[in-house]
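J.: Predicted model, plus sequence, below.
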Amino acid sequence: MARAQTDVLICGAGAAGLTLAIELARRGTAFRIVDKAPEAFGGSRGKGIQPRTLEVFEDLGIIDRIAAAGGFYPPQREYKDGNFKDEPVMEDRAPTPDVPFPMALMVPQFRTEAVMRERLAELGHRVEFGRELKGFTQTADAVTATVGSEQIVARHLVGADGGRSFVRHALNIGFPGKTLGVRAVVADLSVSGVSDDAWHRWQDGTPQQMSLCPLRGTDLFQLQAPVPLEGDIDVSAKGLQDMIATRTGRTEIRVHSVEWVSVYSMNARLADRYASGRVYLAGDAAHIHPPTGGQGLNTSVQDSYNLGWKLAAVLRGAPSSLLATYEAERRPIAAEVLGLSTKLLDALKQRGEMRRGRDTHQLDLGYPDSALSLRHALDLRQHAPAVLPGDRAPDAPCRGRAGQPRRLFDLFRGTHWTLLAHASDPVIAPRAGLHIHRIGADLIDDGGHIREGYGLTPGLCALIRPDGYVSAVLPAAATAALDTFLAGIGLAP
């Protein structure tokens, strides 16, 4: 049997696996990404990209391509008693200094993942399709995995292999939760006889409800409909056309082809643990959600965004305790998001309500209780920071020394930590992996947006993690505390 070595073996090439691969690739970390499927996933399933995930995609260098691959959600058109009314799926919001992407985008999952594979190829890597993980063992130092007819020895293994995760089962990690009493068909269809200017919905709040949503960036529509909990469902073009005619009363809607279809029972489940030794779970392998609120794919992307920089740091010599913060940070987030998705599903079942508010955007999720959220005694009578450790770091327009327009997100983009301080403040010793920006020197806050967004007055500084969360807000004079913290995560002078 052939034998190979790498630092990280990623099992599963969906959105979670691809995010992790991009994160490792841009840090120069050796890895391989395998998937047992013979080819890339071809369905629209996770089509909602939330504002926080759009910020992640900007950091990964794919935001323009993601935006071009989809578009904004159309209004919801509800038909009732021979009439219809249009209502927005979400409130129309304009960008603000702190939130550059205030609106979710609709991008069919197969298009999102195609963009991610393209970015991965630009970084010199590719997915190995048709490569099944058949088993693995681990020691204190490595994981030995059998992939097809090859043995791969990796320092870490990540199971991003979906809700039926082989990796999770092999680790005997529990996956408690519940089946939500809803079975549904979702299909990508080529249809005629219905306009693409709205998300069409019929019989909302009843067992016969159905919707046809135009898939932005394509000529297809996504059909969604509950079906009986048991029994076979005819998912042929004729079978789905008959279902549409029965539920809508419109015989002019014609199904020309079925590009992808799935019949599934909705579940809400959360893994008991996200890690065992050198093996980690990410994405649907760790949590599965009902589709309401568009949370599943987004939570999966952000799992890997969190895990990727930590794996790379530990492989470069940072303390292995850094990896313990992955589960500590991400598992509570998944629990919170599962509760939201389930609540929205109940509202859809009872009232046909499809509200998508700020709570679905994932901008307010954070890590206040993390070991990476440095708590330092601040005299709040003197300092009143607008952000606290664990919060998402907001964006802000500013200028560089030469007067060129900039954004804080431009400065955060990449694989480094960032320290925001004032020109008058003491500064810690420079070190690799940390970018220091001085407000009033190389960073001009002439619009006051940094001060407004962060509450940073002279004498106060903020430390931003590689994944765009505030790690510390503390007096700039507390250089000893900052030095100790940075050294503890592998950033010594």
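T.: Alright, I've got the coordinates. Values in this document were obtained by computation on a predicted structure and should not be read as measured data. Residues are numbered from 1 along each chain as shown.

J.: From here on, just use CA atoms for contacts and neighbour counts.
T.: Fine.

J.: Assign residue 452 to helix, strand or coil.
T.: Here residue 452 is recorded as helix under DSSP: H, G, I helix; E, B strand; the rest coil.

J.: Look up how far residue 446 lies from it.
T.: Distance, residue 452 to residue 446, by C-alpha to C-alpha, to the nearest Å: 11 Å.

J.: out of the two, which sits in the more crowded spot?
T.: Using other C-alpha atoms under 10 Å, the more surrounded residue of residue 452 and residue 446 is residue 452, with 17 against 13.

J.: can you pull the contacts of that one?
T.: Going by C-alpha atoms under 8 Å, 6 or more residues apart in numbering, residue 452 touches residue 386.

J.: I'd assumed residue 237 was in contact with residue 257.
T.: Yes: using C-alpha atoms under 8 Å, residue 257 makes contact with residue 237 at a distance of 5.7 Å.

J.: what about residue 233, which SS state?
T.: Here residue 233 is coil, with the state taken from three-state DSSP.

J.: Of all the residues in stretch 222-242, which ones are buried?
T.: Residues 222, 223, 224, 225, 226, 227, 235, 237, 240, 241, 242 are the ones in stretch 222-242 that count as buried (16 or more other C-alpha atoms under 10 Å).

J.: Need the mean per-residue confidence for it.
T.: Summarised as a single mean, pLDDT over stretch 222-242 is 96.

J.: Alpha carbons only: can I get that stretch in PDB?
T.: C-alpha atoms of stretch 222-242 as PDB (Å, rounded to 0.1, in the frame of the first residue of the first chain):
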ATOM      1  CA  GLN A 222     -35.700  25.600  -6.600                       C
ATOM      2  CA  LEU A 223     -38.800  23.800  -5.600                       C
ATOM      3  CA  GLN A 224     -39.500  23.300  -1.900                       C
ATOM      4  CA  ALA A 225     -42.400  21.300  -0.600                       C
ATOM      5  CA  PRO A 226     -43.300  19.200   2.500                       C
ATOM      6  CA  VAL A 227     -44.200  15.600   1.800                       C
ATOM      7  CA  PRO A 228     -45.700  12.800   3.900                       C
ATOM      8  CA  LEU A 229     -43.300  11.400   6.500                       C
ATOM      9  CA  GLU A 230     -43.500   7.900   4.900                       C
ATOM     10  CA  GLY A 231     -43.800   6.600   1.400                       C
ATOM     11  CA  ASP A 232     -42.200   7.000  -2.000                       C
ATOM     12  CA  ILE A 233     -42.200  10.400  -3.700                       C
ATOM     13  CA  ASP A 234     -42.300  10.600  -7.500                       C
ATOM     14  CA  VAL A 235     -39.400  13.000  -8.200                       C
ATOM     15  CA  SER A 236     -39.400  12.600 -11.900                       C
ATOM     16  CA  ALA A 237     -40.100  15.700 -14.100                       C
ATOM     17  CA  LYS A 238     -43.700  14.400 -14.600                       C
ATOM     18  CA  GLY A 239     -44.100  13.600 -10.900                       C
ATOM     19  CA  LEU A 240     -43.000  17.100  -9.800                       C
ATOM     20  CA  GLN A 241     -45.000  18.800 -12.500                       C
ATOM     21  CA  ASP A 242     -48.100  16.900 -11.200                       C
END
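
J.: residue contacts, the residue lying closest to residue 439 once chain neighbours are set aside?
T.: In this structure, residue 439 finds its nearest non-sequential neighbour in residue 422, 4.4 Å apart by C-alpha to C-alpha, 6 or more residues apart in numbering. Neighbouring residues of residue 422 by C-alpha under 8 Å, 6+ apart: 438, 439, 440, 441, 457, 458, 459, 460, 461.

J.: can you rerun that using 6 Å?
T.: 438, 439, 458 (C-alpha atoms under 6 Å, 6 or more residues apart in numbering).

J.: Tell me the one of those nearest residue 209?
T.: For those, the minimum distance to residue 209 (C-alpha to C-alpha) is 55.3 Å, reached by residue 439.

J.: From residue 417, how far out is the closest one?
T.: When distance is defined by C-alpha to C-alpha, residue 439 is 16 Å away from residue 417.

J.: domain parsing for this protein?
T.: Segmentation of the chain into domains, based on automatic domain parsing, reads 2-177+269-360, 179-267, 397-488.

J.: What mean pLDDT does the longest one get?
T.: Domain 2-177+269-360 shows an average pLDDT of 92 in the prediction.

J.: what about it, how long is it end to end?
T.: End-to-end distance for domain 2-177+269-360: 46 Å, by C-alpha to C-alpha.

J.: Would you map the strands across the stretch 1-150 of the chain?
T.: Applying DSSP state E, counting those that start in this stretch to the stretch 1-150 of the chain gives strands spanning 2-11, 31-35, 48-49, 71-72, 76-80, 83-87, 105-106, 128-129, 133-138, 143-147, 150-159.

J.: nearest to residue 362, of those?
T.: Between the strands of the stretch 1-150 of the chain, strand 48-49 lies closest to residue 362; by C-alpha to C-alpha that is 10.4 Å.

J.: related to what we said a few turns ago, can you redo the domains of the chain as JSON lines, where the extra columns are distance to residue 387?
T.: Shown next, in JSON lines, are the domains of the chain (distance: least, C-alpha to C-alpha, whole Å):
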{"stretch": "domain 2-177+269-360", "distance to residue 387": "12"}
{"stretch": "domain 179-267", "distance to residue 387": "35"}
{"stretch": "domain 397-488", "distance to residue 387": "5"}
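
J.: Mind checking those domains for the one nearest to residue 390?
T.: Between residue 390 and these, the shortest gap by C-alpha to C-alpha is with domain 397-488, which sits at 5.3 Å.

J.: you'd agree residue 142 is up against residue 155?
T.: Yes: here residue 142 reaches residue 155: they are 4.5 Å apart, a contact under C-alpha atoms under 6 Å.

J.: between the two, who's got more neighbours?
T.: Remark: of residue 142 and residue 155, residue 155 carries more neighbours, 22 against 19, as counted by other C-alpha under 10 Å.

J.: The more buried one touches residue 9, doesn't it?
T.: No: contact criterion C-alpha under 6 Å: residue 155 and residue 9 do not qualify, at 8.1 Å.

J.: Which stretches in the chain count as helices?
T.: 15-25, 51-60, 63-69, 109-122, 166-171, 237-248, 296-315, 324-351, 408-412, 449-454, 479-488 (DSSP state H).

J.: Check which residues of the last one are buried.
T.: Residues of helix 479-488 classed as buried under the neighbour-count rule (16+ other C-alpha under 10 Å) are 482, 485, 486.

J.: From residue 455, how far off is the first one?
T.: What it means is residue 482. Here the criterion is C-alpha to C-alpha. By it, residue 482 lies 19 Å from residue 455.

J.: residue contacts, residue 131?
T.: By C-alpha under 6 Å, 6+ apart, the neighbours of residue 131 are 34, 35, 36, 148.

J.: Excluding residues flanking it in the chain, which one is nearest the third one?
T.: In this case it means residue 36. Closest residue in space to residue 36, ignoring its immediate chain neighbours: residue 132 at 4.1 Å, by C-alpha to C-alpha, 6+ apart.

J.: roughly how far apart are that neighbour and residue 8?
T.: The gap separating residue 132 from residue 8 is 16 Å, by C-alpha to C-alpha.

J.: Between the two, which is the more surrounded one?
T.: The residue with more neighbours, out of residue 132 and residue 8, is residue 8; 28 against 19, by other C-alpha under 10 Å.

J.: who's the more buried one bridged to?
T.: On the basis of DSSP bridges, residue 8 is bridged to residue 31, residue 156.
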